[in-house]
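Visitor: Sequence isn't available, so here's the structure alone:
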């Protein structure tokens, strides 16, 4: 008994669910069909209108029918009863991209054999529609208290969404008028922004502005395509263009917004990974476009929706990340895109059938998102232009600073070059003066011995001179020739150094043997003048220097000491080590150097110097000593007291490492 009762309740519930709910038309003017209908999915595409009495219709649970992407035909059954005083009614399907819609309604409620058939959809020109409207719209008449049945056959390659509404004609005209005003304001604002940005791009040639114009155009195209305005106003007689708009609209938006986002956020610099993800998603979407073109659209449009959804997520994550990286323009960019991208995401999910269908028919979200996007993107571009202006100002200031620095550098170089030229001029003038002095000394020092030699030869031929007198003449001539030989030797070494440079070959050596060798060479002169020479150090004296140059230095210093030391005087050679430098000193007990003469002691102006016994000296040897010591990375100086003597010092590096330290 209980079993039978349960079966009876199940039967009653199934019968109730299978029974079409009757829609009551009232004087309110319109009624949304929602789930007050029944549907049947013709999976095999075999059911004809005459076979509908054999199929079992299903009453939907959701308020709106949204089957996502499904290429199967769907049959819709609607039972209506008119309890209003209005007889002229319309059935609106508020989703434009439906390929084919067949509309069937009874001519007379008393007869089920006579039916009126109308067609619509974006596979047919606008001209064949019952009403030339952007949306599929069917008109019919129904008397007061009359009931009729409406059947719809819907088939499309796009998302199967059926937001149906029954309208009284006057109510529809008034509602359509208000919607047209709202849409007109939206499209007008979008077109004004596009024209403004286009003029701005022509003025400043900024590629971000150009990408923004393309993105606005692609957004406007998507909204107008799904609202049916593109078909109604652009190509009403060429329905095949709807397929191309369906293929290209989404991918073009992904392409343009990818270019805009990547360039505006400098995404490659902030996050190469996010940049690659965004570009990769765009490339995949464009690849699907190519495959759809090649394989005649056998690939479902739903793949575009997946790519749009992924793109929206990547853009939001990228903008948030750049904001986290303290990139200020990203704030306005995030505010500009968040509403639009969220609306686009919900719109895409609706087309995919994941959320209720009424969200896809309510375009206010998309329109508000576009308006907010334009509002905030203007701030974002303004912020970016401020950044560019500041950067441009910084560049100008930096360029000005560089110009000033370059000017100062050139002025310094000019001053240095001027000083260098002046020094060269002074050196040339000094050289000319020295040349004149040198020629004077050369003529004097060479002419003297030659005249003495000429006199000696004359006396020898005259045979009027005794042997003792001749011997004295020869001795004087010998002294003159010795001094002349010393002068010419120094002159030749100095001239060679000035013209092409002395060959410099430093070695690690012991200075002690070199000192002993030079003292031995000076021994005859020391004995002749009865001068005592003492060398206080006999230990090993390591130096890194050129032997020939240092030998010339020691020889010249000893020669000068002998020259200016009187008979019975003393010369002291001493060496000491300090800071890895060997310091050599040559001290004499001679006449010393006058105060007025000391500043010129190592210059060519010191030529023509006379000793205390009227011994001729050129001063060229000291010039040579200074150049040779400095060539070996050393220094030379002196200390002198008039009437007591002079000490010359020179330093040399003890090792090669010290030389280059």
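Guide: Everything's here; your move. A quick note: this is a predicted structure, and the numbers were derived from the prediction, not measured. Numbering: from 1, shown residues only.
Visitor: Can you report how many residues lie near residue 77?
Guide: Look at residue 77: counted by other Cβ atoms under 10 Å, it has 19 neighbours. C-beta coordinates here come from the backbone N, C-alpha and C atoms, glycine included.
Visitor: Let me know the secondary structure of it.
Guide: strand (DSSP: H, G, I helix; E, B strand; the rest coil).
Visitor: Tell me who's in contact with it.
Guide: For residue 77, the contacting residues are 20, 37, 38, 39, 40, 52, 57, 149, 150, 151, by Cβ atoms under 8 Å, 6 or more residues apart in numbering.
Visitor: so the last one touches residue 51, yeah?
Guide: Right, the one you point to is residue 151. No: using Cβ atoms under 8 Å, residue 151 makes no contact with residue 51, being 11.5 Å away.
Visitor: helix, strand or coil for the spatially closest residue to residue 247 that is not a sequence neighbour?
Guide: Leaving aside its sequence neighbours, residue 247 sits nearest to residue 292 (Cβ to Cβ, 6 or more residues apart in numbering; 5.4 Å). Secondary structure assignment for residue 292 (three-state DSSP): helix.
Visitor: was I right about residue 292 contacting residue 302?
Guide: No: with contacts counted by Cβ under 8 Å, residue 292 stays clear of residue 302, the gap being 11.7 Å.
Visitor: more crowded one of those two?
Guide: Neighbours per residue (other Cβ under 10 Å) separate residue 292 from residue 302, with residue 292 holding more: 21 against 18.
Visitor: Tell me the one of the contacts of residue 77 nearest residue 225?
Guide: residue 39 (26.0 Å; Cβ to Cβ).
Visitor: Surely the closest one is within a strand?
Guide: Yes: Residue 39: assigned to a strand according to three-state DSSP.
Visitor: List the residues that contact it.
Guide: Contacts of residue 39 (Cβ under 8 Å, 6+ apart): 57, 58, 60, 65, 74, 75, 76, 77.
Visitor: Repeat that for residue 592.
Guide: The contact partners of residue 592, taken as Cβ under 8 Å, 6+ apart, are 640, 641, 642, 643, 644, 645, 646.
Visitor: which among those end up buried?
Guide: 640, 645, 646 (16 or more other Cβ atoms under 10 Å).
Visitor: what about the last one, which SS state?
Guide: When states are read from three-state DSSP, the local structure at residue 646 comes out as strand.
Visitor: That one contacts residue 640, correct?
Guide: Yes: the criterion here is Cβ under 8 Å, and residue 646 meets it with residue 640 at 4.0 Å.
Visitor: of the contacts of residue 39, the lowest pLDDT goes to which?
Guide: Within the contacts of residue 39, residue 65 has the lowest pLDDT, namely 76.
Visitor: Could you report the neighbour count for that one?
Guide: Counted with other Cβ under 10 Å, residue 65 comes out at 21.
Visitor: which ones are touching it?
Guide: Contacts of residue 65 by Cβ under 8 Å, 6+ apart are 35, 37, 39, 74, 76, 160, 161, 162, 357.
Visitor: which stretches of the stretch 151-300 of the chain have low pLDDT?
Guide: Scanning the stretch 151-300 of the chain for pLDDT under 70 picks out 296-298.
Visitor: again, but for the stretch 451-600 of the chain
Guide: 451-503.
Visitor: is it fair to say residue 80 lies in a strand?
Guide: Yes: membership of residue 80 in a strand is supported by three-state DSSP.
Visitor: State the pLDDT value of it.
Guide: 93.
Visitor: where does the closest residue to residue 647 other than its chain neighbours land in three-state SS?
Guide: Nearest non-adjacent residue to residue 647, counting by Cβ to Cβ, 6+ apart: residue 587, 4.1 Å away. Put simply, residue 587 is strand when judged by three-state DSSP.
Visitor: which secondary structure element contains residue 86?
Guide: Under the criterion DSSP states H and E, no helix or strand holds residue 86.
Visitor: Identify the bridge partners of the residue nearest to it when sequence neighbours are not counted.
Guide: In this structure, residue 86 finds its nearest non-sequential neighbour in residue 168, 4.6 Å apart by Cβ to Cβ, 6+ apart. Residue 168 has these beta-bridge partners by DSSP bridges: residue 89.
Visitor: Please identify which pair of the contacts of residue 65 lies farthest apart.
Guide: Within the contacts of residue 65, two members stand farthest from each other by Cβ to Cβ: 35 and 160, at 15.1 Å.
Visitor: out of the two, which sits in the busier spot?
Guide: residue 160 (24 against 15).
Visitor: ok, and the closest non-adjacent residue to the more buried one?
Guide: That would be residue 67: by Cβ to Cβ, 6+ apart, it lies 4.0 Å from residue 160.
Visitor: Check whether that neighbour really touches residue 60, as I assumed.
Guide: No: judged on Cβ under 8 Å, residue 67 makes no contact with residue 60 at a distance of 9.8 Å.
Visitor: any idea which helix or strand carries the spatially most central residue of the chain?
Guide: Closest to where the C-alpha atoms of the chain average out (Cα atoms, centre = their mean) is residue 269, at 8.1 Å. Here residue 269, judged by DSSP H and E, is contained in helix 267-270.
Visitor: Then residue 621?
Guide: Judged by DSSP H and E, residue 621 forms part of helix 620-631.
Visitor: The very next helix or strand once past that helix to helix 620-631, inter-axis angle?
Guide: Helices and strands here follow DSSP H and E; after helix 620-631, the next one along the chain is strand 636-641. Put simply, strand 636-641 runs at 130 degrees to helix 620-631, going by axes from the mean of the first three to the mean of the last three Cα atoms, to 10 degrees.
Visitor: Please enumerate residues in contact with strand 636-641?
Guide: Here strand 636-641 makes contact (Cβ under 8 Å, 6+ apart) with 553, 592-593, 598, 601-602, 625-626, 629-630, 646-651.
Visitor: Partner strands of that strand and their direction?
Guide: Looking at strand 636-641 with DSSP bridges, its partner strands are strand 645-653 (antiparallel).
Visitor: what residues does the partner strand touch?
Guide: 511, 543-545, 550, 553, 557, 560-561, 564-565, 580-593, 625, 629, 632-640, 659.
Visitor: and the residues you listed, which are buried?
Guide: Buried, going by 16+ other Cβ under 10 Å: 511, 543-545, 550, 553, 557, 560-561, 564-565, 581-593, 625, 629, 632-634, 636, 638, 640, 659, out of these.
Visitor: sorry, back to before: return the closest of the buried ones among the contacts of residue 592 with respect to residue 373.
Guide: The nearest one, if we look at these relative to residue 373 and count by Cβ to Cβ, is residue 640, at 93.2 Å.
Visitor: From residue 598, how far off is the closest one?
Guide: Using Cβ to Cβ, to the nearest Å, residue 640 is found at 7 Å from residue 598.
Visitor: got it, and residue 98?
Guide: Distance of residue 98 to residue 598, computed by Cβ to Cβ: 114 Å.
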